[in-house]
Structure formats: C-alpha cells, structure tokens
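1. Following is a predicted model, sequence given first.
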Amino acid sequence: MSGLEQKPVIIKVRDLHQRFGEHHVLKGVDLDVYQGETLVLLGTSGGGKSVLMKHMLGLMQPWKGTVEVDGVDISRMNERQLAAVRTKMGMLFQNGALFDSMSVGGNIAFAMQEAGVKDQDEMDRRVAEVLEIVNLGGQQEKMPSDLSGGMRKRVALARAIVTHPACVLYDEPHAGLDPVTADTIDHLIKCLQHTHKMTNVVVTHEMRSVFRIADRVVYMKKGEVYWQGTPAELEASEDAELKAFVTGDSGLGWDQEKSCPAG
Ligand SMILES: Nc1ncnc2c1ncn2[C@@H]1O[C@H](COP(=O)(O)OP(=O)(O)OP(=O)(O)O)[C@@H](O)[C@H]1O
C-alpha cells in the first residue's frame, strides 16, 4: 500500500486488450493512476508498456476494454473529442522529436498553437516560463542542432508541459542520457509533481531512477500487470523475476569461460 489509494483516480484502465493481427499485445490490463503521483511502468521489452501509454493518450483504440481520463471514457472518442482530452495530457516521446528547422521557442510555441493559443504575447510569456522550469531560461533562439541530448530532452519536456497538463507521460526519458544528465531529468520530473502538481507516468528501464522518482511501480509482463507496489516493496520482493529485473541479472553468470558459447 502506498497511501495514494485515497486520492482521486486521474486515469482508469479497465480490462484493456489490444491485438495486432494474431499478436495479442495487451491482455486485460487493469490500472489506476492517482492524481499527483509518479507512477513508473516497468517490464521486459515488448511487454506492452508503450502500447498502454498510447491508449492513455487516445493514440490507439483498444480492441476491448476502456480507458477513462478524469472520469470520461476516451477509448472510442473521435479526433475532435480527443483534442480536448489531450490538453490535459503532456507526452514526452522517446526520441524527443523536436522539429530541427524550428528554434527552441518555435518548437514550444507550436504545441500551444496546436492547443488553440493564438495570442503572441501569451505564447512568448509561456515559452519563457516553461524554459525557466526546465532550467533553460533565455534559450528561445537556439536551434535544436546546437543542443546536447539532455538539453533537447528538456526542451521536449518544456513543450510537453506548456499547455499546463494535469498529467505527463514519459516514454523512456533517460534513454541515451549519461547518468548525471539522467539525474537532472529525474529532478525535473519530481519538480513537476511537487511544485507544479502534475501527475507523472514514466516508462523507464533505469532502476536507479525508479528508486529516485517512483511513488508506485507497475511491472508489466506479456501484456498483463504482473505486479504493483511501492519501490520499497519492489526492493524487498522475493519474486525471482522482479529480483532479476531490479539487479539486472540475466542468470548467465560472469564466469566468462562458462557463460560464452564455445568458439
Ligand atoms: N503499431 C503496432 N503494430 C504492430 N505491433 C505493434 C505495434 N505497436 C507495438 N507492437 C508490438 O507490441 C508489442 C509491445 O510493444 P511495446 O512497444 O508496448 O513494448 P514495451 O513494453 O514498451 O517494450 P520496450 O521496453 O522494448 O519499449 C511488441 O511486440 C511490439 O512489436
């Protein structure tokens, strides 16, 4: 128990199934995301974490089951209805996906234009505000090609939060970052939670980050929720699969002569 169970549920997933042809990727996922928490989605590659996140944004329609955001079922909405829901959600895509031909400020303003903001002064003010939040104050004119990987990630995060979403979804925010830069991203994630009252859902493989940022952890396996609990419960778990995942132990051992196939 994390104590969060008393809080309102901002995303409610029920009996969610998805399949691509014969490939049954989500097999009846039930999941609650509580307002104001940082929830980390863990699991082996191909377990369905990214597909689940796409359903939370309405980027995919389920084969079966429902996804509610703030009490409203989004699973069969059309694009016009979804546009309103998506203003409550920010998404940090894995590769950052900045437009290379646009400045930092232009990239962030673009997200506001998409959300219907037209007033240039308001856009300038909000671009400056979110750049301060991600510690890139005054960098509006820089081009993405001038930025390091960590800075690009922070610009992408600024873009994700410029519409003041209630919930931010992060798909592997630490991918490709050095450990120190990853730490700065973790600080930002917690800052958005505590100072800006946002709910975070984070897919990551970085165990160090999990123990730094998670209030709750959900472990997915083969399209199902295999386990959920607090980071402390994860650390204390005697489940062999969870233990191997936490420690990064494939079971092959590190005796080189025994673990390498004969040449
Ligand atoms: N649009 C799609 N069409 C067909 N198959 C897909 C599609 N999207 C995902 N899949 C398949 O669904 C399965 C789950 O993918 P998903 O990306 O959700 O896994 P994941 O848990 O996020 O893995 P990873 O940790 O490697 O990112 C994979 O086998 C993937 O190939």
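-> Happy to help now that I have it. Numbers count the residues shown, from 1 in each chain.
2. Name the surrounding residues that touch stretch 68-79.
-> 9-14, 55-56, 58, 61-62, 65-67, 81-82, 85, 88-89, 166-167 (CB atoms under 8 Å, 6 or more residues apart in numbering). Quick note: C-beta positions are derived from backbone N, CA and C, even for glycine.
3. where are the low-confidence patches of the stretch 1-150 of the chain?
-> 1-5, 95-96 (pLDDT under 70).
4. For Pro62, see how far away Gly47 is.
-> From Gly47 across to Pro62, the span is 17 Å (CB to CB, to the nearest Å).
5. Confirm Leu42 sits in a helix?
-> No - read with DSSP: H, G, I helix; E, B strand; the rest coil, Leu42 is strand and lies in no helix.
6. Now it: closest residue in space, sequence neighbours ignored.
-> The shortest distance from Leu42 to any non-neighbouring residue, by CB to CB, 6 or more residues apart in numbering, is to Tyr219 (4.8 Å).
7. The strand or helix carrying the one you found: partners in the sheet, and parallel or antiparallel?
-> Tyr219 belongs to strand 216-221 when assigned by DSSP states H and E. Using DSSP bridges, strand 216-221 pairs in its sheet with strand 38-43 (parallel), strand 224-229 (antiparallel).
8. what comes into contact with it?
-> 2, 4, 29, 31, 34, 37-44, 47-49, 52, 210, 225-231, 234, 241-242, 245.
9. of those residues, list those near the ligand.
-> 43, 47-49 (CB under 6 Å from any ligand atom).
10. farthest-separated two in those?
-> For these, the farthest-apart pair by CB to CB is Gly43 and Gly48; their separation is 7.6 Å.
11. three-state assignment of the closest residue to Val134 other than its chain neighbours?
-> Leaving aside its chain neighbours, Val134 sits nearest to Arg154 (4.1 Å; criterion: CB to CB, 6+ apart). Of the three states, Arg154 takes helix under three-state DSSP.
12. What distance do you get for the residue lying closest to Ala214 once chain neighbours are set aside to Arg154?
-> Excluding its sequence neighbours, the residue lying closest to Ala214 (CB to CB, 6+ apart) is Val40, at 4.1 Å. Separation of Val40 from Arg154 (CB to CB) stands at 20 Å.
13. most centrally placed residue in this structure?
-> For the chain, Tyr170 is the residue whose C-alpha lies nearest the centre (CA atoms, centre = their mean; 2.0 Å).
14. Parallel or antiparallel, which strands does whichever strand or helix holds that one pair with?
-> Element membership for Tyr170, per DSSP H and E: strand 167-171. Note on strand 167-171: by DSSP bridges, its sheet partners are strand 89-92 (parallel), strand 199-203 (parallel).
15. Tell me which of those sits nearest to the ligand.
-> With respect to the ligand, and counting by CB to the nearest ligand atom, the nearest of these is strand 199-203 at 6.2 Å.
16. neighbours of Val162, just the number please.
-> 24 (other CB atoms under 10 Å).
17. right, and it touches Ala111 too?
-> Yes - here Val162 reaches Ala111: they are 5.3 Å apart, a contact under CB atoms under 8 Å.
18. Helices of the chain, residue ranges please.
-> When assigned using DSSP state H, the helices of the chain occupy the ranges 49-56, 79-86, 104-114, 120-133, 149-161, 179-194, 207-213, 231-236, 240-247, 256-259.
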